[in-house]
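**Student:** Turn this into a model:
(one chain, ligands or ions: 2)
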Amino acid sequence: MEKISETDLILNADGSIYHLNLLPEDIADTVITVGDPDRVGEVSKHFDTIELKKGKREFITHTGTLSGKRITVLSTGIGTDNIDIVFNELDALVNIDLKTRMVNSQLRSLNIIRIGTSGAVQADIPVDSLLVSEGAFGLDALMHYYMQDMMDEEKLLLTAFISALPPYGLKPYFAPAGGRLLAKLAHDLPQGITITAPGFYAPQGRQVRAQSLTPGLMESIQQFNYAGKRITNLEMETAGIYGLAASLGHQAVSFNVILANRANHVFSKDPSGVMEKYIGEILQRIVSA
Ligand SMILES: O=P(O)(O)O[C@H]1O[C@H](CO)[C@@H](O)[C@H]1O
Ligand SMILES: O=c1cc[nH]c(=O)[nH]1
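**Tutor:** Ligands and ions are numbered 1, 2, ... in the order given. Below is the predicted model of the structure:
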């Protein structure tokens, strides 16, 4: 195996990884990712102990324990371009010897849990509810740059989705949740297929002032149904998280706190209170799993 070069894997002067500013010992095997850097403290305030607080740019990390379980919570910022950085650097922290720049002979698998906000696309999914992504279609480009293994049924689902889209030249990919982690943490919760969009406004069917070039995209997403599977919600990270986690051998599950219902044009009256409630519930699921 070859040594990874100084420009492929960049380290800071103290040996920490370039963007996350973390050392291998700084992270737990259970990692919670959130988009909003301010949400990191909203999660870690529930911990019994906090051993570490570090950050750089939008990537804020706290590591501590809850009921004896060591947990890291880390903010990714918005979008799958940031997921590329966070997942490659998290993986390097656990699977590459940063001193020799060689891949470890024993690979570690992290349990990665996203707690994010999202908009529902179906009228029957209530605002302020919690939904788990069983899989995600990425309308962003991230996973077109990585090798991805797909099961036959996933290929069929993706083909059906591609043929259901209007002819706008979009190139979706599909990635499933980490099955073992989903079964442990969320088997009893409502599940659905998530769309990961490369933006918040026109890419999620919003019309403000800039004119959309993709009219009808939301309707085709809402109407998509393949073998009883439908698309439930929109956000901006899950497909990249699922795709890269699978490529790197980690388990990932994405919890979506539904703040908007796009079919009914309703937005949550208490976004932070609802997030607070679900952070507590998801942490309980993690420590009791
Ligand atoms: O609340 P977070 O985790 O940031 O997630 C959602 O909210 C952001 C957009 O407002 C996007 O990152 C989207 O995925
Ligand atoms: O509608 C929404 C709400 C939260 N986050 C998104 O990306 N979309």
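
**Student:** residue nearest the centroid of the chain?
**Tutor:** residue 238 (3.6 Å; C-alpha atoms, centre = their mean).

**Student:** I'd say that residue and residue 245 touch.
**Tutor:** No: the pair residue 238 and residue 245 fails to qualify as a contact (C-beta atoms under 8 Å) at a distance of 10.3 Å. C-beta coordinates here come from the backbone N, C-alpha and C atoms, glycine included.

**Student:** next one: the helix or strand in which residue 64 is found to chain centre, how far?
**Tutor:** Assigned by DSSP states H and E, residue 64 belongs to strand 59-66. Relative to its parent chain, strand 59-66 has a centroid offset of 17 Å by C-alpha atoms, centre = their mean, to the nearest Å.

**Student:** and it, is it in reach of ligand 1?
**Tutor:** No: legend: contact between strand 59-66 and ligand 1 by C-beta under 6 Å from any ligand atom is lacking; minimum distance shown is 12.7 Å.

**Student:** Now do that strand: everything it contacts.
**Tutor:** 19-22, 26-28, 37, 40-41, 43-44, 46-55, 70-77, 82, 85-86, 283, 286-287 (C-beta atoms under 8 Å, 6 or more residues apart in numbering).

**Student:** from the residues you listed, which are also near ligand 1?
**Tutor:** Of these, not one also sits near ligand 1 (C-beta under 6 Å from any ligand atom).

**Student:** What subset of those residues is buried?
**Tutor:** 19-22, 26-28, 37, 40, 43-44, 46-47, 52, 54-55, 71-77, 82, 85-86, 283, 286 (16 or more other C-beta atoms under 10 Å).

**Student:** what does the average pLDDT come to for the strand holding residue 64?
**Tutor:** Averaged across strand 59-66, pLDDT comes to 98.

**Student:** What are the buried residues along that strand?
**Tutor:** Within strand 59-66, judged by 16+ other C-beta under 10 Å, the buried ones are 59-64, 66.
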